[in-house]
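J.: I would like the atomic coordinates for the input below:
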Amino acid sequence: MMDWIKKVKAVIFDLDGTLYQDYTFLGRYIQHMLKEQLSKSELEQVILEAYSILEGSHPIRIGYYYNRENQKVYAHENLNPTACFSWDGEEHEEVMEERKNLFYLGDPWGIAGLYAEKYNVDKSSKMMAFDLVRKEMLCEPNKIYRHQALFVAISDLNVERKVFMTNTPGPSGLEFLKYLEIERHFDEYIFDAKKPVGMQQMMEILLAEGYQPDEILSVGDNPFNDLYPVKNLGGRTCLISRYSHADSTKWDVKVQTIEDLTAFLRQLCSHSLDESKEDSLRDEITIIH
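T.: From the prediction side, this is the model:
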């Protein structure tokens with residue numbers, strides 16, 4: 001039994017990879033960034049490699065750090081680097097003591113960022129590619145699927161605070177918000193949130209308002225941005241990802257799909273309703289894997 005469920009009063013939701021799931025954008029995003037640098041065959045190989053990273057069949061894994069300076073990756077324990085690997089998987093003695101040159105490969109957007117770093121894509125080219133792929137995601141033939149059942153479950157949640165937090169800048173974030181038709185589902189909307197720092201700041205705000213750490217639940221697909229800042233302050237966490245992460249950290253709940261997340265939120269909703277009516281929780285709840 002997850003006794004902590006009955007205590008949840010505030011839920012923080014990520015956007016990309018959480019309120020919708022789409023992995024087809026990754027190849028298009030990389031293509032937009034690198035089409036001027038690479039030949040067609042080279043680009044095809046990079047895209048295949050990117051998906052092998054996503055699917056866990058490459059030495060580089062989601063959940064690793066990437067070093068911008070030496071192009072090596074690092075396994076970690078609780079975000080502290082423990083082992084170093086080159087691009088081909090060869091292990092090295094070197095272990096980073098500081099994390100300032102590292103970035104965490106937390107989701108498909110992070111994999112795209114990995115190639116932007118590897119091929120020194122300038123900021124303006126990266127932003128142009130980002131804007132283009134975001135627009136493609138809202139139009140045929142690449143538009144993302146809108147999961148109405150998920151948004152009903154979010155709307156029905158009987159909690160005091162529902163917070164929407166995304167690192168996506170306002171213009172694109174607002175377009176996605178309108179496309180998904182969720183402009184009224186949350187109490188607060190935060191764009192360009194600058195997570196993970198922004199997530200820690202949100203936690204601190206909620207704690208200052210009187211919420212206890214274990215009354216706060218964060219739902220997201222990127223552990224570094226969405227979950228670690230909450231877990232480190234005693235909050236509850238739910239990871240959503242179709243793909244495995246090379247990260248041994250234990251989250252309170254792990255789900256793979258939007259459908260699984262919807263089912264979990266429905267259970268959370270039913271228990272929060274029971275709590276408000278009876279001031280107790282009697283039913284058992286199963287973690288969805």
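J.: K178: neighbour count?
T.: Neighbour count of K178, defined by other C-beta atoms under 10 Å: 11. For every residue, glycine as well, the C-beta is placed using N, CA and C.
J.: try the one 10 residues further on
T.: Here the neighbour count serves as a burial measure; for E188 (other C-beta under 10 Å) it reads 13.
J.: close enough to count as contact, it and I205?
T.: No. With contacts defined as C-beta atoms under 8 Å, E188 does not count as touching I205, sitting 9.9 Å away.
J.: so I12 sits in a strand?
T.: Yes. Secondary structure of I12 (DSSP: H, G, I helix; E, B strand; the rest coil): part of a strand.
J.: ok, what's across the strand from it?
T.: Counting by DSSP bridges, I12 forms beta bridges with V163, S218.
J.: Next, find the distance separating it from E215.
T.: In this view, I12 and E215 are 12 Å apart by C-beta to C-beta, to the nearest Å.
J.: More neighbours: which of the two?
T.: Set side by side, I12 and E215 show unequal neighbour counts under other C-beta under 10 Å, the larger going to I12 at 28 against 21.
J.: That one touches M165, doesn't it?
T.: Yes. Here I12 reaches M165: they are 5.7 Å apart, a contact under C-beta under 8 Å.
J.: list residues touching both of those two?
T.: Contact with both I12 and M165 is made by residues M199, M202, according to C-beta atoms under 8 Å, 6 or more residues apart in numbering.
J.: Touching, P108 and L26? I think so.
T.: Yes. With contact defined as C-beta under 8 Å, P108 reaches L26; the gap is 4.6 Å.
J.: what do these two both touch?
T.: Contact criterion C-beta under 8 Å, 6+ apart; residues bridging P108 and L26 by contacting each: L54.
J.: Give me the below-cutoff pLDDT ranges for the stretch 1-150 of the chain.
T.: Segments of the stretch 1-150 of the chain classed as low confidence (criterion: pLDDT under 70) are 1, 95-98.
J.: the helices in the chain, which residues?
T.: Counting by DSSP state H, the chain has these helices, from start to end: 25-34, 40-55, 108-118, 123-136, 148-156, 170-180, 197-208, 228-231, 258-278.
J.: I'd like those as CSV, with distance to N70 appended.
T.: Below are the helices of the chain laid out as CSV (distance: least, C-beta to C-beta, whole Å):
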stretch, distance to N70
helix 25-34, 21
helix 40-55, 18
helix 108-118, 11
helix 123-136, 21
helix 148-156, 41
helix 170-180, 32
helix 197-208, 25
helix 228-231, 24
helix 258-278, 37
